[in-house]
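*Asks:* What follows is a predicted structure for the sequence shown.
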Amino acid sequence: MRSESDTSNMTSLALDLRHHPAVREIRCECAVCGVHATGWQVYSLGAECHNCGSYEMRPVSVSQPTVIRAA
Ligand SMILES: [Zn+2]
């Protein structure tokens, strides 16, 4: 038999996530060791270095690898 409460719990969680502002994945660079990582920009940049554990991450500009230039 299906549990109705479990289903509604999962639904409300999904709805709650949808109310969050758009999260952008941005490429970051550790200010301490220089390791690149993926961070999330919501209100502010949130990222943690997986190498040294520092939160001092700064966004790096990524060059688009799929840019097609007309010759
Ligand atoms: Zn680091």
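*Replies:* Structure's in. What do you need? All figures in this text were calculated on a predicted structure; none of them were measured in a lab.

*Asks:* what about Cys52, which helix or strand?
*Replies:* When secondary structure is defined using DSSP states H and E, no element contains Cys52, which sits outside every helix and strand.

*Asks:* Show me what from the chain comes close to the ion.
*Replies:* Selection of the chain residues close to the ion by Cβ under 5 Å from the ion yields 30, 32-33, 35, 49, 51-52, 54. Every residue, glycine included, has its C-beta placed from N, CA and C.

*Asks:* Just the buried residues out of these, in ChimeraX syntax.
*Replies:* Buried residues within the residues of the chain next to the ion, by 16 or more other Cβ atoms under 10 Å, are selected in ChimeraX with:
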select :30,49
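
*Asks:* mind putting the residues of the chain next to the ion in TSV, pLDDT included?
*Replies:* As requested, the residues of the chain next to the ion are exported to TSV (pLDDT from 0 to 100):
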residue	pLDDT
Cys30	95
Val32	96
Cys33	97
Val35	95
Cys49	94
Asn51	95
Cys52	97
Ser54	95
